[in-house]
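[1] Have a look at this fold, sequence not included:
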C-alpha cells in the first residue's frame with residue numbers, strides 16, 4: 001500500500017514539475033528578412049537551437065525568416081515598442097532611432113573583413129548601444145551581411161565612370177545613396193520586394209547587394225554583369241528588446257549574449273570564407289565578373305562623406321573615421 005501511495009506521489013510530483021516547467025518556458029520571437037538559404041537564417045536557427053538547449057527549455061526561440069513579420073524598418077519599430085522580441089536589422093535602418101548611426105553607412109570605410117570585424121567588436125557595438133538604450137533595445141551581436149557589389153544588365157563596369165547616368169536601384173541608407181549620387185549614377189528608390197520585377201522589366205538597369213543576396217534571391221536571372229566594387233561593408237545588428245532582456249535572469253542573459261556572438265561568428269565564417277565560392281557560382285549562372293578600380297570611386301566620395309556627416313553629425317563621423325584609422 002505504501003509503495004502504491006509513494007508511486008502515486010512521485011507521479012503526481014512529476015506532473016506538477018512538468019506543468020511548472022511548461023508554464024515557466026518563455027518564447028522569444030526572432031524575425032529577419034533574409035531568405036531561408038541565407039547565412040542569417042542558418043545563424044538564427046543555430047541561435048534558437050543552442051539557447052533552448054543551454055537553458056534546458058526555459059527559453060524557446062521561434063524564428064520568422066524572409067520578412068514574414070515585416071520589412072526591417074517595421075521589425076525595428078516592433079522591437080522598440082515591445083511588440084517583437086528580437087530582429088536582425090541594418091545599421092542604416094537603426095539610424096532612424098540614433099542619427100549617429102548614419103556614420104556607419106559611409107562608403108568605402110573598410111578594405112577587408114578582418115578590418116571591419118575589429119572595428120565592430122571594439123568600437124561599434126558599445127558606441128551603438130549607448131545611443132539605442134533610450135529606445136528600449138540593445139544589440140547583442142552584429143551579423144555579417146557582406147561587402148556590397150554592383151550588378152547591371154549589359155553595362156560592363158571597370159571604373160566609376162562606367163556607372164555615370166546608369167539607372168540603378170539603391171536602398172535608402174544615407175551613405176549608399178550619397179555614394180552612387182557622387183559618381184553620377186541615376187539612383188532610384190524601389191522597395192526591395194519590387195526589385196526583381198523592376199530589373200526584369202527594365203525599370204532599372206542595375207542594383208547593388210552582397211553576392212550572397214544576389215545568389216539567394218536569383219537576381220542573376222535579371223543581371224549579367226557583376227562588378228566587385230566592395231563599396232560598402234554591410235552588417236546587421238541582432239537586436240533584442242531591452243526591457244525583455246533585463247527581465248531575464250543573469251544566467252539567461254549570459255546564454256543569449258554568448259549564443260548571439262556564436263551566431264555572429266557563424267555569419268562571419270559563412271560570408272567572408274564563402275564569398276569567392278559564391279562569385280564562382282554566379283559565373284556559372286552566366287554573370288561576367290569585373291574588379292573595378294577602387295580609386296576611381298574613392299576619389300569621388302567627398303560629397304558622399306559630407307552628406308553623411310550632415311545627417312550623422314560631424315562628431316559621430318569623426319568618431320567612426322578615427323576608430324577605422326586606429327584599426328580598433
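    Cool, the structure landed. From a predicted model like this one, the values you see are computed outputs, not experimental measurements.

[2] OK, contacts around residue 264?
    Contacts for residue 264 (C-beta atoms under 8 Å, 6 or more residues apart in numbering) come out as 43, 141-144, 238. For every residue, glycine as well, the C-beta is placed using N, CA and C.

[3] Out of those, who's the most crowded?
    residue 43 (30 neighbours; other C-beta atoms under 10 Å).

[4] So for the biggest helix by length in the chain, what gets flagged as buried?
    Longest helix in the chain, counting residues (DSSP state H): helix 250-284. Neighbour counts over helix 250-284 (16 or more other C-beta atoms under 10 Å) mark 252, 255-256, 259-261, 263-268, 270-272, 275, 278-279, 282 as buried.

[5] Equivalent analysis for stretch 26-36, please.
    Within stretch 26-36, the residues scored as buried using 16+ other C-beta under 10 Å are 26, 28-35.

[6] in this structure, which spans are strands?
    For the chain, the strands defined by DSSP state E occupy 26-31, 59-64, 86-90, 137-152, 167-169, 186-188, 206-209, 225-241, 288-290.

[7] which ones are touching residue 136?
    Contact partners of residue 136, counting by C-beta under 8 Å, 6+ apart, are 80-82, 241-243.

[8] rerun at 10 Å
    By C-beta atoms under 10 Å, 6 or more residues apart in numbering, residue 136 lies in contact with 79-82, 97, 241-246.

[9] Just the buried ones from those residues, in ChimeraX syntax?
    Here is the ChimeraX command that selects only those of the contacts of residue 136 that count as buried (16+ other C-beta under 10 Å):
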select :79,80,97,241,242,244,245
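
[10] which one of the contacts of residue 136 sits closest to residue 314?
    Nearest to residue 314 among the contacts of residue 136 is residue 97, at 19.8 Å by C-beta to C-beta.

[11] ok, residue 100 to residue 230 distance?
    For residue 100, the distance to residue 230 (C-beta to C-beta, to the nearest Å) stands at 24 Å.

[12] Ok, residue 44 next?
    Separation of residue 44 from residue 230 (C-beta to C-beta) stands at 26 Å.

[13] Check residue 185 too.
    16 Å.

[14] Looking at the two, which has the bigger crowd around it?
    Higher neighbour count among residue 185 and residue 230: residue 185, with 23 against 20, using other C-beta under 10 Å.

[15] Next, that one: phi, psi?
    phi -70, psi 160 (degrees, to the nearest 10).

[16] Would you agree it is in contact with residue 207?
    No - using C-beta atoms under 10 Å, residue 185 makes no contact with residue 207, being 11.0 Å away.

[17] joint contacts of these two?
    Common contacts of residue 185 and residue 207 (C-beta under 10 Å, 6+ apart): 150, 168, 170.

[18] so which of these is the most crowded?
    Most surrounded of those: other C-beta under 10 Å gives residue 150, at 28 neighbours.

[19] For the stretch 201-328 of the chain, which residues score under the pLDDT cut-off?
    By pLDDT under 70, the low-scoring segments of the stretch 201-328 of the chain are 328.

[20] measure residue 324 to residue 233 for me?
    Residue 324 sits 10 Å away from residue 233, going by C-beta to C-beta.

[21] okay, these two: which has more neighbours?
    Legend: neighbour count by other C-beta under 10 Å for residue 324 and residue 233, higher for residue 233 (24 against 18).

[22] list the contacts for residue 236?
    32-34, 40, 72, 87-94, 139, 141-145, 267.

[23] What is the end-to-end distance of stretch 289-303?
    Stretch 289-303 has an end-to-end distance of 28 Å (C-alpha to C-alpha, to the nearest Å).

[24] Next: stretch 85-93.
    Taking C-alpha to C-alpha, the first and last residues of stretch 85-93 lie 17 Å apart.

[25] Please state the offset of that stretch from the chain centre?
    7 Å (C-alpha atoms, centre = their mean, to the nearest Å).

[26] May I see the buried residues of that stretch?
    Buried residues in stretch 85-93, counted by 16+ other C-beta under 10 Å: 85-93.

[27] Redo these as a markdown table? Include pLDDT and distance to residue 177.
    Putting the buried residues of stretch 85-93 into a markdown table (pLDDT from 0 to 100; distance: C-beta to C-beta, whole Å) gives the following:
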| residue | pLDDT | distance to residue 177 |
| --- | --- | --- |
| 85 | 98 | 31 |
| 86 | 99 | 28 |
| 87 | 98 | 23 |
| 88 | 98 | 22 |
| 89 | 97 | 18 |
| 90 | 94 | 14 |
| 91 | 92 | 15 |
| 92 | 88 | 10 |
| 93 | 91 | 14 |
